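Trainee: Predicted model, plus sequence, below.
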Amino acid sequence: MALSRAKAGWVLAFLVLMWGVNWPLTKYALNFTPPLIFAGMRLLIGGLVLGLYAFPRYKTLRLKQTWHIYAISAVLNIIFFYGFQTVGLTEVPAGLFSSIVFLQPVLLGIGAWLWLGESMYGMKIAGLVLGFAGVATISIGGMTGKVSPEGVMLGLFSAISWAIGTVYMKRTSMKVDGIWMTAIPILIGGVVLTLTGTVTESWADVQWVLPFILDMLFISVFVIAMGWLAFFKLVSSGEASKVGSFTFLIPLIALFCSVLFLGESVTVNLIAGLVMIIASILLVNVKVKASKVAKI
């Protein structure tokens with residue numbers, strides 16, 4: 001069911017805020033835990049919360065007919081996305097890595113045009129490119145330290161998997177229940193990443209202090225469970241490329257939170273990137289008369 005414009009606006013604002021604060025919160029949490037174990041734990045908790053919420057709708061699950069949809073979404077949107085991201089951040093500075101990952105809305109715009117039949121015209125192309133340029137401009141300050149080709153490739157793979165996964169979510173949204181489509185892939189991803197972390201890392205390295213526990217619970221419930229549910233609702237009820245354009249705001253929110261809570265400074269790059277991102281969102285979302293839409 002399509003969301004009203006007002007409700008979609010509130011859901012979108014919630015999504016951008018939660019996924020924005022996720023970056024500094026995750027950075028803080030990694031002071032107390034190995035990365036893959038943490039990625040697995042927060043996904044497991046988030047998936048269990050969604051599973052409990054979805055349980056009264058168990059008749060809509062229809063696993064015999066839809067299990068492959070959940071499995072494919074889990075691989076693309078959760079296991080590959082979080083796995084590539086977690087490992088890649090150890091190989092590339094965070095600023096550069098985030099700019100690579102947020103190539104996703106550009107790839108999503110192309111995928112939505114090719115596979116979802118969404119319109120593509122000059123202003124939308126310009127907006128998607130400008131948004132990515134804005135993210136890159138903001139992130140350029142983080143481009144210090146060692147940069148490995150492997151890390152860059154992992155960032156690109158993370159962006160590609162998220163873009164393809166989002167297109168797949170949109171294509172299959174009418175075949176599955178939205179809450180189960182969010183809960184099951186997250187649970188699958190949580191199990192896979194937790195087991196991977198258990199094999200490659202040590203649980204003895206986790207410091208079970210109260211700030212870490214509260215941080216992990218917040219991320220699990222608000223960022224993972226409610227955030228992915230909001231993302232699925234938005235993608236399934238509107239144009240995927242337009243929803244994707246607003247995700248350009250996520251690294252901006254992350255940087256503002258870092259300025260407020262981690263003592264990072266406001267830079268010229270941040271201001272310039274903000275202007276470019278706002279212009280990008282306006283260009284992608286502006287309504288164009290059918291007669292003026294370019295046939296590409």
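Mentor: Looks like it arrived, so ask away.

Trainee: And the pLDDT for Thr267?
Mentor: For Thr267, the pLDDT comes out at 67.

Trainee: Tell me where the stretch 101-250 of the chain has strands.
Mentor: Taking DSSP state E, counting those that start in this stretch as the criterion, the stretch 101-250 of the chain carries no strands.

Trainee: Tell me where it is predicted with low confidence.
Mentor: The stretch 101-250 of the chain contains residues with pLDDT under 70 at 135, 138-147, 238-242, 244-245, 248.

Trainee: same for the helix or strand where Leu44 lies, what does it pack against?
Mentor: Leu44 belongs to helix 35-54 when assigned by DSSP states H and E. Using 3 or more C-beta pairs under 8 Å, 6 or more residues apart in numbering; DSSP states H and E, the elements in contact with helix 35-54 are helix 81-88, helix 178-200, helix 210-218, helix 227-237. The way it works is simple: take the backbone N, C-alpha and C, and place the C-beta from them, glycine included.

Trainee: To Phe32, which of those lies closest?
Mentor: helix 210-218 (4.0 Å; C-beta to C-beta).

Trainee: still on that earlier bit, need the helices and strands packed on helix 35-54 in a markdown table (columns: distance to Leu114 and mean neighbour count).
Mentor: Converted to a markdown table, the helices and strands packed on helix 35-54 look like this (distance: least, C-beta to C-beta, whole Å; neighbours: other C-beta atoms under 10 Å):
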| stretch | distance to Leu114 | mean neighbour count |
| --- | --- | --- |
| helix 81-88 | 20 | 22 |
| helix 178-200 | 22 | 21 |
| helix 210-218 | 37 | 15 |
| helix 227-237 | 16 | 22 |
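
Trainee: Report the inter-axis angle for the helix holding Leu44 versus helix 178-200.
Mentor: 150 degrees (axes from the mean of the first three to the mean of the last three C-alpha atoms, to 10 degrees).

Trainee: what about helix 35-54, average pLDDT?
Mentor: Taken as a whole, helix 35-54 carries a mean pLDDT of 92.

Trainee: list the helices and strands the helix or strand just after that helix packs on?
Mentor: Using DSSP H and E, the helix or strand that follows helix 35-54 in sequence is helix 63-73. Packing partners of helix 63-73 (3+ C-beta pairs under 8 Å, 6+ apart): helix 149-172, helix 178-200.

Trainee: residues in contact with the longest one?
Mentor: Contacts made with helix 149-172 from outside it, assessed by C-beta atoms under 8 Å, 6 or more residues apart in numbering, are listed as 69, 72-73, 75-77, 80-81, 84-85, 87-92, 96-97, 100-104, 107-108, 111-112, 115-116, 181, 232, 235-236, 240, 244.

Trainee: rewinding a little: looking at the helices and strands packed on helix 35-54, which is closest to Gly273?
Mentor: helix 81-88 (20.7 Å).

Trainee: angle of the closest one against helix 35-54?
Mentor: Using the same axes, to 10 degrees: helix 81-88 against helix 35-54 is 160 degrees.

Trainee: mean confidence score for helix 81-88?
Mentor: 82.

Trainee: Please state the offset of that helix from the chain centre?
Mentor: Centre-to-centre, helix 81-88 and its host chain are 12 Å apart (C-alpha atoms, centre = their mean, to the nearest Å).

Trainee: Also stretch 108-120?
Mentor: Per C-alpha atoms, centre = their mean, the centroid offset for stretch 108-120 relative to its chain is 19 Å.

Trainee: That one: which residues count as buried?
Mentor: For stretch 108-120, a neighbour-count test (16 or more other C-beta atoms under 10 Å) marks Leu108, Gly109, Ile110, Gly111, Ala112, Trp113, Glu118, Met120 as buried.

Trainee: can you tell me which of these are in helices?
Mentor: Leu108, Gly109, Ile110, Gly111, Ala112, Trp113 (DSSP state H).

Trainee: Tabulate those residues (TSV), appending distance to Lys124.
Mentor: Listed next are those as TSV, based on distance: C-beta to C-beta, whole Å:
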residue	distance to Lys124
Leu108	12
Gly109	7
Ile110	10
Gly111	13
Ala112	10
Trp113	9
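
Trainee: Of the helices and strands packed on helix 63-73, give the one that comes closest to Thr60.
Mentor: From those, taking C-beta to C-beta, the stretch that ends up closest is helix 178-200, at 6.6 Å.
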